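Enquirer: A structural model of the following input is requested.
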Amino acid sequence: MRWMFSGLCLLLMTVTAARAQPAPADPDWPCFQNLVPTLSAGEFWSGPSPKPDPGWRDDTPVFNLVTEISDRDTPMQDANAKLAAYADAIPQAERATKLPALFGAIVAQINDERADLIGRLKHLGHRQRLLSDKITELSAEADKIPTTATGPDLANRTEIIGDRDLTIRGFQQMQRSLRYACEAPGTLDRRLGSFAQILMKKMK
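Expert: So this is what the prediction gives:
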């Protein structure tokens, strides 16, 4: 029982410490990584920031390529190979125009995917904040009842502690899920950086 009590104290201290930190720009953002809602092409591309062709989604070969390589389920090695092969098929004289536009389209697609990821992360972050509030509330209720209580008071305290322990397990489970989910936007950022390097090399 002593180790359970110590673990509970550590968790409650973690929750309290997290709530004591300065409020972030978005209180629902649950990740240690800074929230970057949108990426710009210029962060990865040397020279003028490339602009996508406004009708790139209507260009079937471009659309299929961009959506496939931007998908995190496509292995990075395969995505790089597909992008390089597509660039190789473009005449050298046209690459200075077409490859920056292609990269602009990739940035637009990855920003769409990141926006979806960020929305889901913020939803989880909001749920986590609610669980944190509930843990604090239930702990305060339990503390109001003496540990020496008997009868109905004891039953009430036992029920409150049971609810708190269940909420703590939910908080811990969500914390574990977020630990991995928070890495997802970064994988898209690295993917975009790799694509930029490939296309800039093909322009030389």
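
Enquirer: The biggest helix by length in the chain - contacts with which helices or strands?
Expert: The longest helix of the chain (DSSP state H) is helix 92-143. Using 3 or more Cβ pairs under 8 Å, 6 or more residues apart in numbering; DSSP states H and E, the elements in contact with helix 92-143 are helix 2-20, helix 60-70, helix 76-88, helix 151-181, helix 184-203. Bear in mind the C-beta positions are built from the backbone N, C-alpha and C, glycine included.

Enquirer: From the contact counts, what lies against the last one?
Expert: The reference is to helix 184-203. helix 60-70, helix 76-88, helix 92-143.

Enquirer: is it possible to export those to a markdown table including mean neighbour count and mean pLDDT?
Expert: Output for these, formatted as a markdown table (neighbours: other Cβ atoms under 10 Å; pLDDT from 0 to 100):
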| stretch | mean neighbour count | mean pLDDT |
| --- | --- | --- |
| helix 60-70 | 17 | 97 |
| helix 76-88 | 15 | 97 |
| helix 92-143 | 17 | 94 |
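
Enquirer: out of those helices, which comes closest to Pro37?
Expert: Closest to Pro37 of these is helix 92-143 (Cβ to Cβ; 6.4 Å).

Enquirer: about what we covered before: quick check: angle from the longest helix of the chain to helix 76-88?
Expert: Put simply, helix 92-143 runs at 150 degrees to helix 76-88, going by axes from the mean of the first three to the mean of the last three Cα atoms, to 10 degrees.

Enquirer: Any idea how far helix 92-143 is from the middle of the chain?
Expert: Counting by Cα atoms, centre = their mean, to the nearest Å, helix 92-143 is centred 5 Å from the centre of its parent chain.

Enquirer: how close does Ala25 get to Asp143?
Expert: From Ala25 across to Asp143, the span is 33 Å (Cβ to Cβ, to the nearest Å).

Enquirer: likewise Ser177?
Expert: From Ser177 to Asp143 the distance is 29 Å (Cβ to Cβ).

Enquirer: Over to Ala79?
Expert: With the distance defined as Cβ to Cβ, Ala79 ends up 54 Å from Asp143.
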